[in-house]
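Q: predicted model follows, preceded by the sequence.
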Amino acid sequence: MAIALVLVTATASMPLLRYPVPSVIVRIAYEIEQRGVVYSWGGGHGSDPGPSKGTCQGYRGKTRPCPAATTRGLDCSGFTRWVYARAFGLDVLGPGTTDAHVRRMRRVGSAVPGDLVFFGKITKNTVKTHHVGIYLGHGKMMNAPETGASVRVDDISRKKDFAGFYRY
């Protein structure tokens, strides 16, 4: 009995899978969507994942003047970073941009809910992405789409330059 208790205690804190069950990632994405978190260019890239004030550096949005420096929220990569950090229990994507995030992942031919969907141009020599979302299945993704919007579900086909599905 004592040995069984030691084994249960020792293994209870160990992750069983390297990759969380995809439904966990999707569930966390929906939980964040329900919070009504707004888009903020550069938001979510602080030292810890989660909503933060953004930056106007590099901002090219239509809304003028740039609202990011005074808006607490998430941009697309800040959103995926926060979801993955909560699902994996640590900041696996880090504070970088979509280009930095895609480099930490592997491309998959057949996506499952919870994978990331990137937009832009990705070749053996070039990584220049401009958007990322969390694949939900059936051609849908959860994403932080643009200034003035909150985290939401969109059709993948709504964005141009589909670059592929990626898995951590």
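A: All right, it came through fine.
Q: from now on I want contacts and neighbour counts done on CA atoms only, so please keep to that.
A: Will do.
Q: residues in contact with the one residue sitting closest to the centre of the chain?
A: Centroid-nearest residue in the chain, with C-alpha atoms, centre = their mean: Thr80, separated by 0.9 Å. Taking C-alpha atoms under 8 Å, 6 or more residues apart in numbering as the contact definition, Thr80 lies against 116, 132-134, 143.
Q: low-confidence stretches in the protein?
A: 1-19 (pLDDT under 70).
Q: the closest residue to Lys140 other than its chain neighbours and Tyr135, how far apart?
A: Closest residue to Lys140 apart from its sequence neighbours, by C-alpha to C-alpha, 6 or more residues apart in numbering: Asp155 at 4.5 Å. Asp155 is 10 Å from Tyr135, where distance means C-alpha to C-alpha, to the nearest Å.
Q: between these two, which one's more packed in?
A: Tyr135 (29 against 14; other C-alpha atoms under 10 Å).
Q: highest neighbour count among the contacts of Thr80?
A: Busiest of those [other C-alpha under 10 Å] is Val132, holding 32 neighbours.
Q: thought Thr98 was touching that one, still the case?
A: Yes - with contact defined as C-alpha atoms under 8 Å, Val132 reaches Thr98; the gap is 6.6 Å.
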